[in-house]
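Asker: below is the sequence, then the predicted model.
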Amino acid sequence: MTEQAVDQAQPTISPEEMEKLRQEWVRTQFQKANRFLAEKGVIPSKILADESRYLAPYLAIWKMESKRPTTKTYWVMSGDLPSDFVDVKVAKTARDAVRHFSMMWQMQAENLIRSGATRRDATQAKFAQLLVSRAESLYRMHNDEKLWNT
């Protein structure tokens, strides 16, 4: 196939279709974040949408309040990475929360490696590699000014 034929074979997506796909992705990530918190025993009651950020299709960082078990606010991350959450006190903004997760995951992977768990357990080794990979990606996202211009 020639390059021109390949270009013609590629379907074009309208801006409206792209926005619909983005909204669907955000909705899916919201459900994933809610489910993750519920599995941890935290029942979200409110999302602070103005402070949340969506970098589709990679990362959604949510600022969520919970009423149960106690009233608290969290940064919750979902996307093409392990879901995680931290108390909102560790980071002022979604961007700062991304940096916090990056550093936290680097340390977690280092602890797995130093403990010897990665030598004894292939699953732990893969998980440590995933943490390092995603932590590095998060750090690059944190440093990319274009992603955070609001």
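Answerer: In hand now; what should we look at?
Asker: contacts and neighbour counts: CA atoms only from here.
Answerer: Fine.
Asker: low pLDDT regions in this structure?
Answerer: 1-10, 69, 150 (pLDDT under 70).
Asker: could you find the closest non-adjacent residue to residue 79?
Answerer: Distances taken as C-alpha to C-alpha, 6 or more residues apart in numbering place residue 59 nearest to residue 79, at 4.5 Å, with adjacent residues excluded.
Asker: same for the helix or strand containing residue 21, what does it pack against?
Answerer: According to DSSP states H and E, residue 21 maps onto helix 15-39. Applying 3 or more C-alpha pairs under 8 Å, 6 or more residues apart in numbering; DSSP states H and E, we find helix 15-39 packed against strand 43-47, strand 72-79.
Asker: mean neighbour count, these: which tops it?
Answerer: Of all the helices and strands packed on helix 15-39, strand 72-79 carries the top mean neighbour count, a mean of 23, counting by mean count of other C-alpha atoms under 10 Å.
Asker: report the angle between that one and strand 43-47.
Answerer: Inter-element angle recorded for strand 72-79 and strand 43-47: 90 degrees (by axes from the mean of the first three to the mean of the last three C-alpha atoms, to 10 degrees).
Asker: which elements pack onto strand 72-79?
Answerer: Looks like strand 72-79 contacts helix 15-39, strand 59-68, strand 84-87 (3+ C-alpha pairs under 8 Å, 6+ apart).
Asker: and of those, who's closest to residue 137?
Answerer: Residue 137 lies closest to strand 59-68 among the helices and strands packed on strand 72-79, at 10.3 Å (C-alpha to C-alpha).
Asker: now do the buried residues in that closest one.
Answerer: The neighbour-count criterion (16 or more other C-alpha atoms under 10 Å) identifies 59, 60, 61, 62, 63, 64, 65, 66 as the buried residues of strand 59-68.
Asker: want to throw those into TSV with distance to residue 16?
Answerer: Output for the buried residues of strand 59-68, formatted as TSV (distance: C-alpha to C-alpha, whole Å):
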residue	distance to residue 16
59	21
60	21
61	24
62	24
63	27
64	28
65	31
66	34
